[in-house]
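Chemist: below is the structure, and that's it, no one-letter string:
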């Protein structure tokens, strides 16, 4: 039963699509065609290339700096925790 309903909807959708395309074809034929030359690449500039490379390097440097900062923070926390643990052991001696 469901297959019949979906088949019916598919056929109606196809007819609707073909009807819309059939109505739009004359409009599309009447449109003027512009023959513009589209360049795949814009004008090459060394300044733009240098700017892009330096921007990428700056972002990477900031990411590395952030990662190193996190490592240092973890090391400081670990050292502080060890010092707290050793404090009570040093008092017992």
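Modeler: Received it, and whenever you're ready, just let me know what you need. Here the structure is a predicted model, which means the values were calculated and not measured. Residues are numbered from 1 along each chain as shown.
Chemist: can you pull out the helices in this structure?
Modeler: 2-30, 46-92 (DSSP state H).
Chemist: and the ones you listed as JSON lines, adding mean pLDDT and mean neighbour count?
Modeler: Yep, even glycine has a C-beta here, placed from its N, CA and C like the rest. Converted to JSON lines, those look like this (pLDDT from 0 to 100; neighbours: other CB atoms under 10 Å):
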{"stretch": "helix 2-30", "mean pLDDT": "90", "mean neighbour count": "9"}
{"stretch": "helix 46-92", "mean pLDDT": "89", "mean neighbour count": "10"}
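Chemist: tell me the domain ranges of this protein?
Modeler: 1-31, 45-93 (automatic domain parsing).
Chemist: please state the offset of stretch 71-81 from the chain centre?
Modeler: Distance of stretch 71-81 from the chain centroid (CA atoms, centre = their mean, to the nearest Å) equals 34 Å.
Chemist: sorry, slip of the keys, the one I care about is stretch 68-82.
Modeler: 33 Å.
Chemist: over to stretch 69-83?
Modeler: 34 Å.
Chemist: swap in stretch 7-25?
Modeler: Here stretch 7-25 is found 36 Å from its chain centre; the criterion is CA atoms, centre = their mean.
Chemist: one more: stretch 66-81?
Modeler: 31 Å.
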